[in-house]
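Asker: attaching a predicted model along with its sequence, questions to come.
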Amino acid sequence: MAEAILEQKLKKKRLSWLVDSAGTSGWHDGETPDARAISTCAKKGLNISNQRSRKIKSQDLDYFDLILAMDSYNYQDILKLCQNDMQRSKVKLILNYKYPNRNMAVPDPYYDDKFDEVYDLLDEAIDNVISDLMESLQT
């Protein structure tokens, strides 16, 4: 959902930044998103049904300027892939953009079916991600 939300917001701002999402486990490689996530995004006008899960690669840490983790477990798993301080500096918890320095996890909606609430959390955090990146580009 985060990938689609970010892409939609960037498109509205006419920003052509590359966005991609990846997991840390690889358990669902090649699979589509959960049907409930697809449904939640569809209600907001976003089609994520063509997305396919993939595992993050060490090359991603060099290629992308920002790596957003959904929770501390993913954050730690990504840091284990990092080979230098530059890569480590790119890894951030996404909800720190909504709740600075609180290191909160995005709730996993898989078990409690709170996909709408998670969508809203990500939507707000991503506004701040974009603002922060825009600020850093201007300095």
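Answerer: Arrived safely. Numbering: from 1, shown residues only.
Asker: so G26 sits against K57, correct?
Answerer: No. Using Cβ atoms under 8 Å, G26 is not in contact with K57, being 10.2 Å away. To be clear about C-beta, it is placed using only N, CA and C from the backbone, and glycine gets the same treatment.
Asker: which residues of the chain score low on pLDDT?
Answerer: Counting by pLDDT under 70, the chain contains no low-confidence range.
Asker: packing partners for the longest helix seen in it?
Answerer: Identified as the longest helix of the chain according to DSSP state H is helix 115-138. Helix 115-138 makes packing contacts with helix 2-12, helix 35-43, helix 109-112 when contacts are defined by 3 or more Cβ pairs under 8 Å, 6 or more residues apart in numbering; DSSP states H and E.
Asker: in CSV, list the C-alpha atoms belonging to the first one.
Answerer: Read that as helix 2-12. Only the C-alpha atoms of helix 2-12 are listed here, as CSV (Å, rounded to 0.1, in the frame of the first residue of the first chain):
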residue,chain,number,x,y,z
ALA,A,2,2.8,2.4,0.8
GLU,A,3,4.3,2.0,-2.6
ALA,A,4,1.0,2.9,-4.3
ILE,A,5,0.3,5.8,-1.9
LEU,A,6,3.7,7.3,-2.5
GLU,A,7,3.5,6.9,-6.3
GLN,A,8,0.1,8.6,-6.4
LYS,A,9,1.3,11.5,-4.3
LEU,A,10,4.4,11.9,-6.4
LYS,A,11,2.4,11.9,-9.6
LYS,A,12,0.1,14.6,-8.3
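Asker: if I look at the residue lying farthest from the centre of the chain, how far off is K90?
Answerer: Here the chain reaches farthest from its C-alpha mean at T139, the gap being 24.1 Å by Cα atoms, centre = their mean. Counting by Cβ to Cβ, to the nearest Å, the separation of T139 from K90 is 17 Å.
Asker: and the spatially closest residue to I130 that is not a sequence neighbour, how far is that from Y111?
Answerer: Spatially, and ignoring its direct neighbours in sequence, I130 is nearest to K9 (5.9 Å; Cβ to Cβ, 6 or more residues apart in numbering). According to Cβ to Cβ, K9 and Y111 sit 28 Å apart.
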